[in-house]
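# got a sequence here, can you build the structure:
(2 chains)
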Protein chains: 2
Amino acid sequence: MEQKTQIAVGVIRFDGKGLVPVVVQDAGNKDVLMLAYANREALERTLEEKEAWFWSRSRQELWHKGATSGNRLRARSIATDCDSDAVLYVVEPLGGGVCHETDETGNNRPSCFFRALL
Amino acid sequence: MEQKTQIAVGVIRFDGKGLVPVVVQDAGNKDVLMLAYANREALERTLEEKEAWFWSRSRQELWHKGATSGNRLRARSIATDCDSDAVLYVVEPLGGGVCHETDETGNNRPSCFFRALL
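Have a look, this model is predicted:
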């Protein structure tokens, strides 16, 4: 692992389960696309490969987003917040919509945040 | 409580601690400002008062963002994601910067996500 990756990941305050929430934002239109979680290895891989990796809480495994669908996310920039307990991936979607749910036309929705409450 | 608030909050899948992560995005420049948490009451109040409320995990109390500083956040729209386990507040900051940390000029930073990792 590169030293700069070690330093970057070293500041993150992972929770009791070893996870940190990750906000994913589109580098182009700045839409918030999804919220997911990363463990240390997922964050390290994202920093080194410049593609978004997460920890799937449902499958309990490392998750290279889009590895099977082709809808990978290129990481343009990554930041953490003032408390170092949340991460922001600013990404370029390389395939279709990010969400596993589809719209009326059968296409994957570009963002998971499509259910309006207000 | 209004019935539409009850319906909106009823779909949310709060975690084992009764919380849901909330991404806060600026309605104007679309910057991601912060990540915080809401319990049921915080989300209800946000929907009804159209100002951002959270649950402070450090203080273990309801938190009306900006109530003391004046830097309140007007809620323009609120959405949940495909799994209903994350919430997005799209807000208009009514005061100064959202973050409690200050920049070189002594002003509150507009976004908590100012520490670049990549």
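# what packs against the helix or strand of chain A with the lowest mean pLDDT?
Using mean pLDDT, DSSP states H and E, the weakest-scoring helix or strand in chain A turns out to be helix A:3-10, at a mean of 89. With contacts taken as 3 or more C-beta pairs under 8 Å, 6 or more residues apart in numbering or on different chains; DSSP states H and E, helix A:3-10 sits against helix A:40-49. For every residue, glycine as well, the C-beta is placed using N, CA and C.
# picking up where we left off before, and the least confident helix or strand of chain A, what's buried?
Buried residues in helix A:3-10, defined by neighbour count with 16 or more other C-beta atoms under 10 Å in any protein chain shown: A:5, A:8-9.
# can you list the residues of chain A near chain B?
For chain A, the residues in contact with chain B (C-beta under 8 Å from any C-beta of the partner chain) are A:8-9, A:11, A:21, A:23, A:25, A:29-32, A:34-35, A:46-47, A:50, A:75, A:77-84, A:86-88, A:99-101, A:109, A:112-118.
# which of those residues are buried? Put it as a PyMOL command.
Selection command for PyMOL covering only the buried members of the residues of chain A next to chain B, criterion 16+ other C-beta under 10 Å:
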select buried, chain A and resi 8+9+21+23+25+32+34+35+46+47+50+75+78+79+80+81+82+86+87+88+99+109+112+113+115+117+118
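# from the residues of chain A next to chain B, which land in strands?
Residues of these located in strands (DSSP state E): A:21, A:23, A:25, A:32, A:34-35, A:75, A:77-80, A:87-88, A:115-116.
# does residue A:91 touch residue A:71 like I think?
No: checked against C-beta atoms under 8 Å, the pair residue A:91 and residue A:71 is beyond contact range at 10.9 Å.
# so these two - more neighbours on which side?
Comparing residue A:91 with residue A:71 by neighbour count (other C-beta atoms under 10 Å in any protein chain shown), the higher total belongs to residue A:91, at 26 against 17.
# secondary structure class of the more buried one, three-state.
Taken by DSSP: H, G, I helix; E, B strand; the rest coil, the conformation at residue A:91 corresponds to strand.
# that one and residue A:32: what is the separation?
11 Å (C-beta to C-beta, to the nearest Å).
# which residues are common contacts for these two?
Residues touching both residue A:91 and residue A:32 by C-beta atoms under 8 Å, 6 or more residues apart in numbering or on different chains: A:24-26.
# give me the contact list for the least confident helix or strand of chain A.
A:40, A:43-44, A:47-48, A:78, B:117-118.
# and what of stretch A:11-19?
A:20, A:37-40, A:43, A:55, A:57, A:80, A:83-85, A:87, B:115, B:117.
# could you rerun that using 6 Å?
Applying C-beta atoms under 6 Å, 6 or more residues apart in numbering or on different chains, the contact partners of stretch A:11-19 are A:20, A:37, A:39, A:55, A:84-85.
# farthest pair within the residues you listed?
A:55 and A:84 (17.5 Å; C-beta to C-beta).
# now for the contacts of stretch A:11-19, which sits with the most neighbours around it?
Neighbour max across the contacts of stretch A:11-19 (other C-beta under 10 Å) = residue A:20, 24 neighbours.
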